[in-house]
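Asker: Okay, sequence plus prediction incoming.
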Amino acid sequence: QVQLVESGGGLGQTGGSLRLSCAASGSMFSVNDMGWYRQAPGNQRELVATVTRAGTTGYADYVKGRFTISRDNAKNTVYLQMNSLKPEDTAVYYCTAGIFMGIGLPPRPYWGRGTQVTVSS
């Protein structure tokens, strides 16, 4: 059973910083792309940032220049450094990863349960 467990959410201030972590664990062959999404109340879940196994990153326009995604392949962990926080960054942040369950098998998407980030004005 593969699990993604997020940590590091909480209360931040406008202009401040928070760092999220997400570790993948369980029976798996390897981890493919990893990423972060977020969902604010009343809104659809939206992409925040992605990172490939090789380290290529991508960002949504609304976080570009403020957030940085990174990963540690040895630990199967992805991070999201969030700087210059804005009240509109308030949301539940979800980690996602494509997991290879065996050689020759396509990656399967897994999601964490989410961690709340609240930015006060």
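Answerer: Sure, I can see it.
Asker: what sits against the residue nearest to the spatial centre of the chain?
Answerer: Geometric centre of the chain, nearest residue: Trp36, 2.7 Å, by C-alpha atoms, centre = their mean. Going by C-beta atoms under 8 Å, 6 or more residues apart in numbering, Trp36 touches 20, 22, 48-50, 69, 78, 80, 93-96. Using the backbone N, CA and C atoms, a C-beta is placed for each residue, glycine as well.
Asker: which residues of this structure fall in strands?
Answerer: Applying DSSP state E to the chain gives strands spanning 3-7, 10-13, 18-25, 30-39, 46-51, 57-59, 67-72, 77-82, 91-100, 108-111, 115-120.
Asker: Let me know which of those strands is tucked in deepest.
Answerer: Among these, strand 77-82 has the highest mean neighbour count (mean count of other C-beta atoms under 10 Å), at a mean of 23.
Asker: That one - contacts with which helices or strands?
Answerer: strand 18-25, strand 30-39, strand 46-51, strand 67-72, strand 91-100 (3 or more C-beta pairs under 8 Å, 6 or more residues apart in numbering; DSSP states H and E).
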